[in-house]
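# coords please:
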Amino acid sequence: MTGEMTLANDYPILGAFWTVLFFVLSVLWLILLFRIIVDILRDDMTGGVKAGWLLFVILLPFLGVFVYVAVRGRGMGEREQRHARARQHDFDSYIRTTAGTGTSQAEQLAKLVEMHDKGAISDHEFEKAKTKVLH
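Residues are numbered from 1 along each chain as shown. Presented below is the predicted three-dimensional model:
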């Protein structure tokens, strides 16, 4: 072996700490940068304003991110909450349509019997609806 070999005792614990800290801060920085880019694209600004903010954030990332958070930071949270509520509403409506009406067979049969007793449906309609509920 002609090159120098780096051993564990050549890499002090403080160096390891700084390496891990730098890595974690880099990941957090990328997360913040991408969240801001997503917020810019999700917002209802005009195309020119979006393009301006994107150029500012991409060409001067540190300054762009800090200015964006200072100017539009409060709105970021509101837009994120609005988007989360919309996703939850879509999910709830999907579950409701997938699960059906949400009433049990017994409840549906009780309604059919009540409608039949009142004379709202004929015997034939009652039998047809009862067969549909039971199958």
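# The helix or strand hosting Asp90 packs against which elements?
Counting by DSSP states H and E, the element that carries Asp90 is helix 61-99. Contact here means 3 or more CB pairs under 8 Å, 6 or more residues apart in numbering; DSSP states H and E; on that basis helix 61-99 packs against helix 13-42, helix 47-59. C-beta coordinates here come from the backbone N, C-alpha and C atoms, glycine included.
# Next, the buried residues of the helix or strand hosting Glu125.
Here Glu125, judged by DSSP H and E, is contained in helix 123-134. Buried residues in helix 123-134, counted by 16 or more other CB atoms under 10 Å: Phe126, Ala129, Lys130, Val133.
# tell me which of the residues you listed is nearest to Ile58?
Nearest to Ile58 out of those is Val133 (CB to CB; 59.4 Å).
# my read: that closest one touches Gln105, true?
Yes: shown here, Val133 and Gln105 form a contact pair, counting by CB atoms under 8 Å, at 5.7 Å.
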